[in-house]
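# With the input below, show me the fold.
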Amino acid sequence: MKTALLALLSAVLLAAPGSAADLSALAAAAADRSPEATQAQAQGREARAGLSEARAGRLPRLSATSAFLRGNDPVYVFGSLLQQRSFGAQNFAVDALNHPADYNDIKTSLNAGVPLFTGFAISRAVEAGKLGVRQAGLGEDAARQGARWQAVDDALRVLLDTETLSSLDARIASAESELAEADRLKARGLVLGSDFYAAQAVLGSLRAWRLQVQGDLDARRAELSVLTGVPAEDLSVSGVLANAPYDVAASTALVAGALAARPDLALAQVGVSQAELARRQADASVLPTVMAFGSLETNTKDFTDNPWSRLFGVQASLAFGDPGYPARRARARAAQQAAEASRLGAERRILAQVAQARVGYEAALGMLPDLSDTVARARRSLVLFRPLYREGRQSVLEVLRAEEGLAQAQAAYAQALFGLHDGYARLLAAQGRLDAAGVAEIQRHLETSR
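Below you'll find the model as predicted:
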């Protein structure tokens, strides 16, 4: 119910025309639309049905059979007469015994069987069903976290490209104004033509850079549209990238959290448990099976009389000399070893991902002070160049290079801010903690205004 309400709220927020969606709404929409999550939900229903089926294996099984028989086989006729309780002295005639006429028998039976011991097959089938239910739940969690991560990463890249475009638009507009003034001065012979054309080349590179960023922004919006179902042309993300560091735990705590929370590692452990269960069942495949059974049967010739008989008993079955048993055990043991190796590989990948995500986050955090100073210096340089250029003491080319330098500094700073937030999202994903609360935490660190 809570998930349905969240999905409805996300749909309302995302559908509002002209409104910007926050990370929580985008991530929730992406998680709800994830085909992998839908597949895992169906697998969960399948696993729960399989668990119910396995538990039902302990219950008695009832069956009914009915057959019409006709023939003159001496043993069949003799037995049918006895079962129908219609055998008489006349049936002892030697000729009648050796050459009976065709005889009808309508046989109806109700049969019941109760497993008493199945070599642990039923109990292990129940255990396997429980593992299947857990596997499906973990698969859905992993799919939802993967969809959230993709939506958050795309949304942050939209903010990055939007910030970069805004910076480039300002620098391009300023450069165009300066080149327009330089063009007037060039006509009066106050600006060298070579410097003017070189400055135009700088402006052209800024425009080309803007086109590249716009293309990347359009691609990110298109991808986010596929994830969330919102038309790309209506898609915008609320907030801006802010210099707001996160509270990151120590490395040991991050590793411990990842080992405890990552759904893919838990899935690998489920695989180990399933392989161990299959190995134990392979070891027990030579054990006997014991079943209690009962049967009620009626036999009649023409339904004028319906005598019935009963039969009860216990049946044991034991396979001797199973030639496939050694190979079956060896195969199950090899499968268990492979599952354990796969779990170890998943653990090592997770440790590496946590370490890489932490390094990336800390690198972005460490670069921010220097890049902030670089932006301030580049802006100061541009401010100082402009009057010198107007006084004829600097070339317009140097002014355009200062514009380009400021654009590059601002883009590098925005990239570091993106690395701060995206790195933290990556760190949460590496720990298996990129849930709704984790996304909301990132949203709180994004300023809504400068």
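# Pretty sure Leu203 sits against Ser174.
No: contact criterion Cβ atoms under 8 Å: Leu203 and Ser174 do not qualify, at 10.1 Å. C-betas here are computed from N, CA, C, even on glycine.
# could you pull out the helices for this structure?
Remark: helices assigned in the chain by DSSP state H are 2-15, 23-32, 35-56, 74-83, 94-98, 121-187, 193-228, 251-261, 263-283, 325-390, 396-431, 436-444.
# Tell me which of those helices sits most buried.
Each of the helices of the chain was scored by mean neighbour count; the highest is helix 23-32, a mean of 26, by mean count of other Cβ atoms under 10 Å.
# That helix - contacts with which helices or strands?
On a contact count with 3 or more Cβ pairs under 8 Å, 6 or more residues apart in numbering; DSSP states H and E, helix 23-32 meets helix 2-15, helix 121-187, helix 193-228, helix 436-444.
# Can you dump the C-alpha atoms of it in CSV for me?
What follows is helix 23-32 as a C-alpha-only set of coordinates in CSV (Å, rounded to 0.1, in the frame of the first residue of the first chain):
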residue,chain,number,x,y,z
LEU,A,23,15.3,13.1,-7.2
SER,A,24,12.9,11.2,-5.0
ALA,A,25,10.0,11.4,-7.5
LEU,A,26,12.3,10.5,-10.4
ALA,A,27,13.9,7.6,-8.5
ALA,A,28,10.6,6.2,-7.3
ALA,A,29,9.1,6.4,-10.8
ALA,A,30,12.2,4.6,-12.3
ALA,A,31,12.0,1.9,-9.6
ASP,A,32,8.3,1.3,-10.2
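# Could you report the pLDDT at the nearest residue to Asp216 once chain neighbours are set aside?
Spatial nearest neighbour of Asp216, chain neighbours left out: Asp161 (5.5 Å); criterion: Cβ to Cβ, 6 or more residues apart in numbering. Model confidence at Asp161, given as pLDDT, is 95.
# Likewise for Ser317?
pLDDT at Ser317 comes out at 89.
# before we move on, what about Phe120?
Phe120 is given a pLDDT of 91.
# For Ser317, see how far away the residue lying closest to it once chain neighbours are set aside is.
Ranked by Cβ to Cβ, 6+ apart and with sequence neighbours excluded, the top spatial neighbour of Phe120 is Ala284, at 5.3 Å. Ala284 is 14 Å from Ser317, where distance means Cβ to Cβ, to the nearest Å.
# out of these two, which sits in the more crowded spot?
Neighbours were counted for Ala284 and for Ser317 using other Cβ atoms under 10 Å; Ala284 has more, 13 against 9.
# quick one, what contacts that one?
119-121 (Cβ atoms under 8 Å, 6 or more residues apart in numbering).
# any idea how far it lies from Ala275?
Distance, Ala284 to Ala275, by Cβ to Cβ: 15 Å.
# Likewise for Arg380?
Distance, Arg380 to Ala275, using Cβ to Cβ: 65 Å.
# Could you do Ala378 as well?
60 Å.
# and if you look at Glu403?
In terms of Cβ to Cβ, Glu403 sits 63 Å off from Ala275.
# and if you look at Ala292?
33 Å.
# swap in Leu235?
Distance from Leu235 to Ala275, by Cβ to Cβ: 45 Å.
# can you check Ala357 too?
30 Å.
# Would you point out the helix or strand in this protein whose mean pLDDT is lowest?
In the chain, no helix or strand scores lower on mean pLDDT, DSSP states H and E than helix 2-15, which sits at a mean of 45.
# Report how many residues lie close to Pro245.
Pro245, neighbours per other Cβ under 10 Å, totals 14.
# any chance you could read off phi and psi for it?
Per-residue torsions, Pro245: phi -60, psi 160 (degrees, to the nearest 10).
# How about Tyr246?
The phi/psi pair for Tyr246 (degrees, to the nearest 10) is phi -100, psi 160.
# give the contact list for the nearest residue to it once chain neighbours are set aside.
Excluding the flanking residues, the one nearest Tyr246 by Cβ to Cβ, 6+ apart is Tyr424, at 4.7 Å. Counting by Cβ under 8 Å, 6+ apart, Tyr424 makes contact with 246, 248, 361, 442, 445.
# try Asp105
By Cβ under 8 Å, 6+ apart, the neighbours of Asp105 are 68-70, 76, 80, 83-84, 299-301.
# Can you list which of those are found in strands?
In strands, defined here by DSSP state E, the members of the contacts of Asp105 are 68-70, 299-300.
# which sections of the protein are below the confidence cut-off?
Along the chain, segments meeting pLDDT under 70 span 1-19, 182-194, 388-394, 448-450.
# residues in contact with Arg85?
Contacts for Arg85 (Cβ under 8 Å, 6+ apart) come out as 305, 307.
# ditto for Arg144
By Cβ under 8 Å, 6+ apart, Arg144 lies in contact with 31, 34, 37.
# Ala155 now?
By Cβ under 8 Å, 6+ apart, Ala155 lies in contact with 23, 26, 224, 237.
# okay if I get those residues as a markdown table plus distance to Gly321?
Converted to a markdown table, these look like this (distance: Cβ to Cβ, whole Å):
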| residue | distance to Gly321 |
| --- | --- |
| Leu23 | 65 |
| Leu26 | 64 |
| Leu224 | 64 |
| Val237 | 70 |
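# Closest to Ser166 out of those?
Nearest to Ser166, judged by Cβ to Cβ, of these is Val237 at 13.7 Å.
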